[in-house]
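1. Quick one: sequence plus predicted model below, questions after.
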Amino acid sequence: MQIDIDPLLNLPHVRVREFTFTDKEVSVVVARETKSEKCPLCQQPCSTIRSYTSRKVRDLDLLGRKTFLTVECRQFECSTCHRYFIEDVGFVEGNRGLTKRYEEYIYKMSTDCSIQQVSLKQDVCWATVNRIHEQYGQR
């Protein structure tokens, strides 16, 4: 039986390529399903893929287990301005190791518990929880 977990992840324009889990962890390989991306410099649509790379980020828990997304990213070459850029997946800010929604969840937890408690409960570095708490608190 094939299970479609795309709706469970609820990430726009993303398809699940692979899904595995153990007693403690869920691992999901995802990729964007868009055909092209806008160049961040000239804003022209680009569809020429130069290379592929992947990055691993932590997301909200699934099935009561720590969840990691391996995001397959494409590097595009703009035919107008000849710039190379890696697509923006939209659900991770910059080069961080946590999804935006997981960061928001950590921030909400840190308003009710101490940073140390959140760090221990979520198994996330204290400095990361502190950065999230300070950053989201200023917004």
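-> On my side now, so go ahead.
2. Please make it C-alpha for all contacts and neighbour counts, starting now.
-> Will do.
3. before we move on, which element is residue 53 in?
-> strand 49-62 (DSSP states H and E).
4. Which neighbouring elements make contact with whichever helix or strand comes after that strand?
-> As assigned by DSSP H and E, the chain's next helix or strand after strand 49-62 is strand 65-77. Other helices and strands packing on strand 65-77, by 3 or more CA pairs under 8 Å, 6 or more residues apart in numbering; DSSP states H and E, are strand 25-32, strand 49-62, strand 84-86.
5. quick one on the thing from earlier: tell me how far the strand holding residue 53 is from the chain's mean position?
-> From the chain centre to the centre of strand 49-62 is a distance of 6 Å (CA atoms, centre = their mean, to the nearest Å).
6. Show me what that strand is packed against.
-> strand 65-77, helix 100-112.
7. report the angle between the axes of that strand and strand 65-77?
-> 160 degrees (axes from the mean of the first three to the mean of the last three CA atoms, to 10 degrees).
8. Show me the contact partners of strand 49-62.
-> Among residues not part of strand 49-62, those counted as contacts by CA atoms under 8 Å, 6 or more residues apart in numbering are 26, 66-77, 96-99, 101-102, 105.
9. Can you list the low-confidence ranges for this structure?
-> For the chain, the stretches with pLDDT under 70 are 1-3.
10. Contacts only, for the most far-flung residue of it relative to its centre.
-> Distance from the C-alpha centroid of the chain, by CA atoms, centre = their mean, peaks at residue 80 (28.7 Å). By CA under 8 Å, 6+ apart, the contact set of residue 80 is 42, 44.
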